[in-house]
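Participant: build me a model from this:
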Amino acid sequence: MMIEAQGLTKKYGAKTAVDGISFTVQPGKVTGFLGPNGAGKSTTMRMIVGLDRPTAGTVTVNGRPYAQHRSPLTEVGALLEAKAVHTGRSAKNHLRALAATHGIGDKRVNEVIDMTGLHDVSKRRVGGFSLGMGQRLGIAVALLGDPRTLILDEPVNGLDPEGVLWVRNLVKYLASEGRTVFLSSHLMSEMALTADHLVVIGRGRIITDGPVDQVIAAATRATVKVRSPQASQLAELLAAPDVTITSAEPGLLEVHGATSEAVGEVAAAGRIVLHELTPITGSLEEAYMSLTQDAVEYHSAAVPAGGHTSAGTDAAAPTHEENAR
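Facilitator: Numbering: from 1, shown residues only. Sure, this is the predicted structure:
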């Protein structure tokens, strides 16, 4: 009950979108898939569910390629392109038509409609749906066969804060039932709250793969925030080759390269009064920026104080992936 990629490669002409990646997505936890636009996330997800054929390597779901599952909807639920629905149908009829192909009854159709908050709009034509409602319908489709594995590409895209919270709780619940959950997102703060494990990809290769807290710890510097009426004295005592200290305001120090315990010991030994001593761990956003800085195809240009980008630079050039969509 897992997703397993071995040497997975996809080339489009001269461009290598995915470059020999190997990873495993385990059941019972939420695995986040992160990477800049054009890094190969969507291509990888498409290969998992058989929409793109690998140039080399293999990817299996629950032990076999997706195409070999006799009843794919009950094995794997996928949200890849939420808008890929028959716009003339109502949400309920769209779900019924899909359910019929797998012998799934109306009872389950009604269950997923309720589960995804579509009850009040289930008889409306899908063509009139907002982006958020389209996402909910896409998630309803993914859940229709009560699958053991879920693959969700940007599931919170277009959802309001209540919808984002709903997706977070839903995927955590599904993972707690022992299912395999693999999702991508651009919202780092959301991924930090949702995922247990991360796979980070850049330029078609895996940059890191591990538990969220380990990924953050390895890619960021821990900081200790100290407030003291004797801050300058403390800074002198803490000075060391591998310690850097910054001060944003009088009485406040930010210490990099020393633990809060070490700072506290130095302060005590020097009889220095502390008003605050707080260890601050790095955020997933900082870790992600640090991990992917070399893998971004187009860096956004810094905007000068005047507010205009300098001639010849693109503030945010579109990436290959955006162009391809």
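Participant: list the contacts for M2?
Facilitator: T24, V25, Q26, P27, V61, N62, T149, T180 (CB atoms under 8 Å, 6 or more residues apart in numbering). C-beta coordinates here come from the backbone N, C-alpha and C atoms, glycine included.
Participant: just the helices from the stretch 1-150 of the chain, written as ranges.
Facilitator: In the stretch 1-150 of the chain, the segments counted as helices under DSSP state H, counting those that start in this stretch are 41-48, 72-75, 91-101, 106-115, 131-143.
Participant: any idea of the angle the third one forms with helix 131-143?
Facilitator: Translated: helix 91-101. 20 degrees (axes from the mean of the first three to the mean of the last three CA atoms, to 10 degrees).
Participant: who touches stretch 57-67?
Facilitator: 1-9, 20-22, 44, 47-50, 69, 72, 75-76, 148-149.
Participant: now do 7 Å
Facilitator: By CB atoms under 7 Å, 6 or more residues apart in numbering, the list of residues contacting stretch 57-67 from outside reads 1, 3-9, 20, 47-50, 72, 75-76, 148-149.
Participant: run the chain-centre distance for the longest helix seen in the chain.
Facilitator: Secondary structure of the chain per DSSP state H: the longest helix is helix 161-176. Averaging C-alpha positions (CA atoms, centre = their mean, to the nearest Å) puts helix 161-176 13 Å from its chain's average.
Participant: do the same with stretch 10-25
Facilitator: With CA atoms, centre = their mean, you get 19 Å for stretch 10-25.
Participant: the residue nearest to P155 when sequence neighbours are not counted and L198, how far apart?
Facilitator: Using CB to CB, 6 or more residues apart in numbering and skipping residues adjacent in sequence, the residue nearest P155 is V167, 5.1 Å away. Distance from V167 to L198, counting by CB to CB, to the nearest Å: 17 Å.
Participant: go on, G127?
Facilitator: Taking CB to CB, one finds G127 at 36 Å from L198.
Participant: what's the answer for Y173, then?
Facilitator: From Y173 to L198 the distance is 20 Å (CB to CB).
Participant: more neighbours: these two, which one.
Facilitator: L198 (26 against 11; other CB atoms under 10 Å).
Participant: partners of the helix or strand hosting that one in the sheet?
Facilitator: For L198, the host element (DSSP states H and E) is strand 197-202. Using DSSP bridges, strand 197-202 pairs in its sheet with strand 30-34 (parallel), strand 205-211 (antiparallel).
Participant: could you dump the first one to PDB, C-alpha only?
Facilitator: This points to strand 30-34. Taking Å, rounded to 0.1, in the frame of the first residue of the first chain, the C-alpha atoms of strand 30-34 are listed here in PDB:
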ATOM      1  CA  VAL A  30       0.700  12.700   4.800                       C
ATOM      2  CA  THR A  31       3.700  13.100   2.300                       C
ATOM      3  CA  GLY A  32       4.100  16.600   0.900                       C
ATOM      4  CA  PHE A  33       5.600  17.100  -2.600                       C
ATOM      5  CA  LEU A  34       7.300  20.400  -3.000                       C
END
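Participant: going forward, the N-terminal residue is numbered 264.
Facilitator: All right, first residue 264 from here; so that's strand 293-297.
Participant: give me the distance from that strand to the chain's centre.
Facilitator: On CA atoms, centre = their mean, the centre of strand 293-297 falls 5 Å from that of its chain.
Participant: okay, the angle between it and helix 424-439?
Facilitator: Using the same axes, to 10 degrees: strand 293-297 against helix 424-439 is 120 degrees.
Participant: for strand 293-297, buried residues please.
Facilitator: Using 16 or more other CB atoms under 10 Å as the burial criterion, the residues of strand 293-297 that qualify are V293, T294, G295, F296, L297.
Participant: give the bridge partners for the first one, please.
Facilitator: Looking back up the chat, that one is V293. V444.
Participant: just checking, it touches V462?
Facilitator: No: using CB atoms under 7 Å, V293 is not in contact with V462; the gap is 11.7 Å.
Participant: quick check: R327 vs L343, distance?
Facilitator: 20 Å.
Participant: okay, those two: which has more neighbours?
Facilitator: More neighbours surround L343 than the other of R327 and L343, with 17 against 10 (other CB under 10 Å).
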